[in-house]
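Trainee: quick one, structure for this:
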Amino acid sequence: MNSPRHLRPRRAQLILYLFLLGVALLAFFAIRSCSVPSRPAATRPLGNSGGDTLDVALIYGPASYYMYADTLGGYNYDLLRLISAREGVPMKFWPVGGLQEGLRQLKAGRFDMIAALPVDADYKVRYLYSEPIYLDRQVLVQRRRNDGSLQASSALDLAGDTVHIEQDSPIAARLANLAREIGDSIHVVRHADLSAELLTMKVHTGEIRYAVVNEQIARPLTAQFPDLDISSPISFTQFQSIVLAPGDSTRLHLLNGWLQKHLPTPAVQTLRTRYHL
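Mentor: Predicted coordinates:
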């Protein structure tokens, strides 16, 4: 067991990380992206911005949005900026700290879309999904022991144990199915105030034992924190798509047209290579 003295550097790292994340989010709220010529508004009234500007929620993370020094990046962010510029569609980007907040504001009409979520059968009944924009899967995040061994060598070892996920994450249904497959319970703790990236950090600091998050979120952190392991997949590889509110079929049709036009282009392939997608 780690001593309190041993944990102090890890807790200090987490406090520094949370501070930097807060600074990044505050800076991002000041940004109004893509001042490009307007086009006719879609039929549904837009969210927070009004007019013909699309309000896009981005969940903080390497595959969606991040800030490094003075640079903004993330595959979802860069992809939609490219589409915005080339199609003449004004977009305003909003960082959200977690999935629950993004979905709540989508339902309330503040956001027009969230980029992006795994395609899930239960969620497809409740939301509209765009054409897939990349592939990902959910993985178990855990810490290696001092000798390099793992507490859970596969998903089967989660029987009777507890895992942590984001509130409203589609992975909850997969974990319920997994519990039935192994014939034992898996206790799931849902966090409304923690993103997948912060859950991964809490595994690193030892505050929680297991988290389940998207691999594209966790993988960059394993390079920074080699004690983290993500070698045990929880789901098959899944399509990741932009999510819109139910009933917003007109905007979905426009979005799918843009994606079909731009996803095969060399510019987007360059983005895929940059973000290892």
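Trainee: what's the distance between residue 75 and residue 64?
Mentor: The spacing between residue 75 and residue 64, counted by Cβ to Cβ, to the nearest Å, is 7 Å. Quick note: C-beta positions are derived from backbone N, CA and C, even for glycine.
Trainee: how about residue 144?
Mentor: Going from residue 144 to residue 64 by Cβ to Cβ gives 27 Å.
Trainee: neighbour count: these two, which is higher?
Mentor: Comparing residue 144 with residue 64 by other Cβ atoms under 10 Å, the one with more neighbours is residue 64, at 26 against 14.
Trainee: tell me who's in contact with the more buried one.
Mentor: 58, 74-77, 115-116 (Cβ atoms under 8 Å, 6 or more residues apart in numbering).
Trainee: so which of these belong to strands?
Mentor: Applying DSSP state E to the contacts of residue 64, the entries found in strands are 58, 115-116.
Trainee: now stretch 134-154: buried residues?
Mentor: Buried residues in stretch 134-154, defined by neighbour count with 16 or more other Cβ atoms under 10 Å: 134, 136, 138-143, 152.
Trainee: now distance to residue 239 and pLDDT too, for those residues, in TSV please.
Mentor: Shown next, in TSV, are the buried residues of stretch 134-154 (distance: Cβ to Cβ, whole Å; pLDDT from 0 to 100):
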residue	distance to residue 239	pLDDT
134	8	92
136	8	91
138	13	92
139	16	95
140	21	97
141	22	97
142	26	97
143	30	97
152	27	94
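Trainee: pick out whichever of those residues sits closest to residue 91.
Mentor: residue 134 (18.6 Å; Cβ to Cβ).
Trainee: could you look up the SS state of the closest one?
Mentor: Here residue 134 is recorded as strand under DSSP: H, G, I helix; E, B strand; the rest coil.
Trainee: spatially, what comes nearest to it if we skip its sequence neighbours?
Mentor: Closest residue to residue 134 apart from its sequence neighbours, by Cβ to Cβ, 6 or more residues apart in numbering: residue 277 at 4.4 Å.
Trainee: list the contacts for the one you found?
Mentor: By Cβ under 8 Å, 6+ apart, the contact set of residue 277 is 63, 75, 134-135, 216, 271.
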